[in-house]
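1. coordinates for the following, if possible.
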Amino acid sequence: MTHRINYIDRMKGMAILFVVIGHIFMFSMEQSSNVAAQVIYAFHMPLFMFLSGIVAAKGITPHLEH
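-> Okay, the predicted model is just below:
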């Protein structure tokens, strides 16, 4: 049984939502004039990668063979 960390799951969900919104801005508007797109693009992918790394690091357990 795995133990989920709820606040990390919620933050990953928000990061995924920001990725989707960022792509909508990228494909439908001119990014240079949209402040919201610039703010989202400043952190959306690094945030998702950081949170995924935390989850992956907690799931890795070394198996030592004697």
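
2. use CA for all of it now, contacts and neighbours both
-> Will do.

3. state the number of residues packed around A37.
-> A37 has 20 neighbours, counted by other C-alpha atoms under 10 Å.

4. what about it, distance to M29?
-> Remark: distance between A37 and M29 (C-alpha to C-alpha, to the nearest Å) = 9 Å.

5. how about the helices in the chain?
-> 6-28, 35-59 (DSSP state H).

6. what angle separates the last one from helix 6-28?
-> Here helix 35-59 points in a direction 140 degrees away from that of helix 6-28 (axes from the mean of the first three to the mean of the last three C-alpha atoms, to 10 degrees).

7. tell me which residues in stretch 16-32 are buried?
-> I16, F18, V19, I21, G22, F25, M26 (16 or more other C-alpha atoms under 10 Å).

8. please disregard the earlier target; I meant stretch 50-58.
-> Across stretch 50-58, burial judged by 16+ other C-alpha under 10 Å covers L51.

9. just how off-centre is that stretch within its chain?
-> 10 Å (C-alpha atoms, centre = their mean, to the nearest Å).

10. other residues contacting it?
-> By C-alpha atoms under 8 Å, 6 or more residues apart in numbering, the surrounding residues in contact with stretch 50-58 are I8, M11, K12.

11. ok, now which ones touch the second one?
-> The contact partners of M11, by C-alpha under 8 Å, 6+ apart, come to L51.

12. next: the last one.
-> Counting by C-alpha under 8 Å, 6+ apart, K12 makes contact with F48, L51, S52.
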